[in-house]
Every structure is written in structure tokens, then in C-alpha cells.
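S.K.: No letters, just coordinates:
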């Protein structure tokens with residue numbers, strides 16, 4: 001009887017323990033699920049906060065960019081105002097000079113005098129044919145088309161360049177420049193009468209160089225004054241850019257060096273750019289003119305119109321013979337179109 005009671009007590013105790021353990025397990029399971037639910041909720045909130053932070057950061061960045069752009073727009077407007085003021089000043093100066101030139105012309109006409117010029121005059125029938133073909137019958141007397149003239153205030157050339165490629169300055173005087181007419185073969189082997197303004201110190205060298213190039217039928221795309229590419233209200237570097245886009249060969253333009261402030265040797269009439277499309281200005285391996293892309297690296301002796309440092313290249317060897325240096329030998333930038341003879 002006693003054994004049965006003990007067994008019953010044990011059974012009851014075990015049953016109670018099982019119930020307690022089962023309750024504990026259920027409680028732990030419930031706590032685990034609740035804890036996990038809270039953890040997942042916190043993770044979701046964390047992710048949402050991160051997304052909001054990124055959105056706010058993006059908005060701040062966009063506003064900073066807008067502020068920067070607005071500041072740049074303000075600077076651009078200031079520059080435009082300065083350019084407009086400068087243009088107005090230049091136009092007023094040009095009007096005054098034109099009026100003075102007109103008055104001087106009236107005085108000259110009243111006195112029955114003609115404006116003098118020295119050397120072979122370009123202000124003749126020859127000048128009227130600039131940028132036009134020269135007939136085969138006239139090529140036999142081609143030397144007469146290689147002319148040089150002094151540029152005088154009030155004459156036709158002065159009126160073309162004044163306020164554009166030339167303006168009164170402390171670096172180069174009008175008396176130090178010469179206007180040349182130069183026959184050349186274009187890319188279609190037509191003989192065209194070109195024009196160029198150079199420093200009087202290199203006048204004879206330039207005439208000799210282009211006579212040799214002509215005798216070798218060296219081809220030049222075009223040869224016009226850079227003033228033909230001028231835009232009202234802009235400077236010499238813009239005109240130079242337009243001339244390069246047109247593959248024009250030129251010399252004088254009173255302007256600073258590309259990307260700098262000092263006066264370029266073009267500003268002294270001591271530098272000549274030849275066929276700039278085939279002979280681009282290259283800086284850090286690239287150039288600013290898409291029509292010249294294929295000529296940045298494809299530079300071989302005999303390639304049409306491409307200038308290379310070789311005795312076989314008639315353009316390079318002729319300029320070198322007369323003491324000019326070549327921009328193609330520079331390191332960075334490299335200026336394949338550029339020949340210069342500065343004062344040392």
C-alpha cells in the first residue's frame with residue numbers, strides 16, 4: 001500500500017515537473033518570437049532611417065550644386081558685362097579713328113595727294129585678286145605676285161585689321177608690320193593668291209620660304225588674314241580658333257598665348273601656322289578640334305599636308321633653313337602647325 005502511494009506521489013511530481021517544463025518552454029518560445037519581432041522591427045527602422053539619410057544627403061548635394069551653378073552664372077554674367085563694356089569702348093574708339101581717317105582722306109583728296117607706300121605695292125591690281133585663282137598664263141610671271149607693303153593708318157588693310165588682329169599697344173607698332181601677298185597651290189593644285197601680315201624683321205625670310213614652297217608645289221588649304229574669322233565682341237583667340245576650324249594658314253594676330261597671359265609670337269608677327277587641321281595643337285594627348293583627330297597620332301613622312309621633322313619634308317626643312325623653330329618639337333603642348341622666329 002505504501003509502495004503504491006510512493007509511486008502515485010512520484011507520478012504526480014513528474015507530471016507537475018513536465019507541466020512546469022512545458023510552460024517554461026512555451027514562455028521561452030514566446031519570448032524568442034517577441035524578441036525576434038522586435039529585432040526585425042528595429043532593423044526595418046534602421047534601414048528606413050538610412051534611406052532617409054541618403055535622401056536628405058542627396059538633396060543637400062543637389063542644393064550645393066545649384067548654389068555652385070548660380071555662383072558660376074553670376075560670374076559669367078559679370079564677364080559678359082565686362083566684355084560688353086569693352087566692346088562698347090572699342091567700337092567708340094573705332095568710330096573716332098574712322099572719323100579721323102575719313103577727315104584725313106578728305107584733306108588728302110582736297111590737296112590732290114596720294115598715300116605713299118614702300119616696296120612692291122599690294123594696293124594695286126594684284127591686291128584686288130587676293131583669295132582668287134591665278135591663271136596658268138600668269139604663273140610664268142609669278143614673282144610679281146609676291147608683294148610686300150607698309151600698312152598705313154587709314155588705308156584699306158589698316159581698316160580691315162584695326163580693332164581686330166591689331167590695336168595700338170606697347171608691344172608691336174603698326175610700322176613694324178608688313179602686308180604680304182603670297183601665291184600658293186591649294187589642295188586642288190589651283191594657284192591662289194594668298195595674304196599674310198608679318199613682322200618686318202622676317203619679311204624677306206617669309207617671302208623666300210613661300211617662294212620655295214610654291215616652286216615645290218607644296219599645298220596649302222587657304223591663306224587669309226585672321227580678321228576674316230573675327231567675331232564682334234570676342235578676342236583674338238576666338239578668331240584663331242575659327243581660323244583653325246577653317247584650316248587656314250595665318251601669321252599675325254595680337255593676342256596672348258593659348259591658355260596664358262603673355263603675348264604670343266603671333267602677336268609680334270613672328271609665328272606662322274600652316275594647315276592647322278592636318279597639324280593640330282596637341283595638349284596632354286588631345287586637341288580641341290574634332291576635324292583634326294585623325295592627325296594627332298598619324299604623322300608620317302609623305303602623308304599629305306602632315307608636317308614632320310625630316311629633311312624629306314619640304315615645309316619643315318625650308319622653315320628650318322631660314323632659322324625658324326617648329327612647335328612639333330615641343331614636349332607639352334605640341335604645336336605641329338607652328339613655326340616661329342622670335343627675337344633672342
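M.R.: Alright, I've got the coordinates. None of the values given here were measured: they were computed from a predicted structure.
S.K.: Show me what the helix-or-strand element of the chain with minimal mean pLDDT packs onto, helices and strands only.
M.R.: The weakest-scoring helix or strand in the chain, judged by mean pLDDT, DSSP states H and E, is helix 2-111 (a mean of 69). Using 3 or more C-beta pairs under 8 Å, 6 or more residues apart in numbering; DSSP states H and E as the contact test, the elements touching helix 2-111 are helix 156-161. Just so you know, the C-beta spots here come from the backbone N, C-alpha and C atoms, and that holds for glycine as well.
S.K.: if we go to 7 Å?
M.R.: Of the remaining helices and strands, none touches helix 2-111 by 3 or more C-beta pairs under 7 Å, 6 or more residues apart in numbering; DSSP states H and E.
S.K.: what about it, distance to the chain center?
M.R.: 37 Å (C-alpha atoms, centre = their mean, to the nearest Å).
S.K.: And the next helix or strand past it?
M.R.: Heading C-terminal from helix 2-111, the first helix or strand you meet, by DSSP states H and E, is helix 136-139.
S.K.: Please pull up the helix or strand immediately following that following helix.
M.R.: Next along from helix 136-139, by DSSP H and E: strand 147-150.
S.K.: partners of that next one in the sheet?
M.R.: strand 177-185 (antiparallel) (DSSP bridges).
S.K.: And the contacts of the partner strand?
M.R.: 122, 126-127, 130, 134, 142, 145-151, 157, 191-200, 203, 206-207, 210, 214, 217-220, 223, 252, 269 (C-beta atoms under 7 Å, 6 or more residues apart in numbering).
S.K.: so for the next helix or strand after it, what's the average pLDDT?
M.R.: Where DSSP H and E defines the elements, the next helix or strand beyond strand 177-185 is strand 191-199. For strand 191-199, mean pLDDT rounds to 97.
S.K.: And strand 191-199, what's buried?
M.R.: Using 16 or more other C-beta atoms under 10 Å as the test for burial, strand 191-199 gives 191-199.
S.K.: Which helix or strand lies directly C-terminal to that strand?
M.R.: With DSSP H and E, the next secondary element past strand 191-199 is helix 203-215.
S.K.: tilt between that following helix and strand 191-199?
M.R.: Per axes from the mean of the first three to the mean of the last three C-alpha atoms, to 10 degrees, the angle that helix 203-215 makes with strand 191-199 is 160 degrees.
S.K.: next one: helix 203-215 to chain centre, how far?
M.R.: 29 Å.
S.K.: Give me the distance between the very next helix or strand once past it and the centre of its chain.
M.R.: Counting by DSSP H and E, the next helix or strand C-terminal to helix 203-215 is helix 236-245. Taking C-alpha atoms, centre = their mean, one finds helix 236-245 lying 8 Å from the centre of the chain it belongs to.
S.K.: Apart from its neighbours in sequence, what residue is nearest residue 302?
M.R.: With C-beta to C-beta, 6 or more residues apart in numbering as the criterion, residue 302 has its nearest non-adjacent residue at 7.4 Å, and that residue is residue 312.
S.K.: so the one you found is in which element?
M.R.: Going by DSSP H and E, residue 312 is not in any helix or strand.
S.K.: Okay, and residue 307 sits in which element?
M.R.: Using DSSP H and E, residue 307 falls outside every helix and strand.
S.K.: residue contacts, it?
M.R.: Here residue 307 is in contact with 274, 279, 313, 315-316, 328, 336 (C-beta under 7 Å, 6+ apart).
S.K.: okay if I get the residues you listed as a markdown table plus pLDDT?
M.R.: Shown next, in a markdown table, are the contacts of residue 307 (pLDDT from 0 to 100):
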| residue | pLDDT |
| --- | --- |
| 274 | 98 |
| 279 | 96 |
| 313 | 97 |
| 315 | 98 |
| 316 | 98 |
| 328 | 96 |
| 336 | 97 |
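S.K.: Out of these, list just those in strands.
M.R.: Using DSSP state E, no member of the contacts of residue 307 falls within strands.
S.K.: Present those residues as CSV; the columns should include neighbour count and distance to residue 57.
M.R.: Converted to CSV, the contacts of residue 307 look like this (neighbours: other C-beta atoms under 10 Å; distance: C-beta to C-beta, whole Å):
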residue, neighbour count, distance to residue 57
274, 23, 54
279, 28, 49
313, 19, 59
315, 23, 58
316, 22, 57
328, 19, 50
336, 28, 48
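S.K.: could I get those residues as TSV with distance to residue 42?
M.R.: Putting the contacts of residue 307 into TSV (distance: C-beta to C-beta, whole Å) gives the following:
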residue	distance to residue 42
274	74
279	69
313	77
315	78
316	76
328	69
336	67
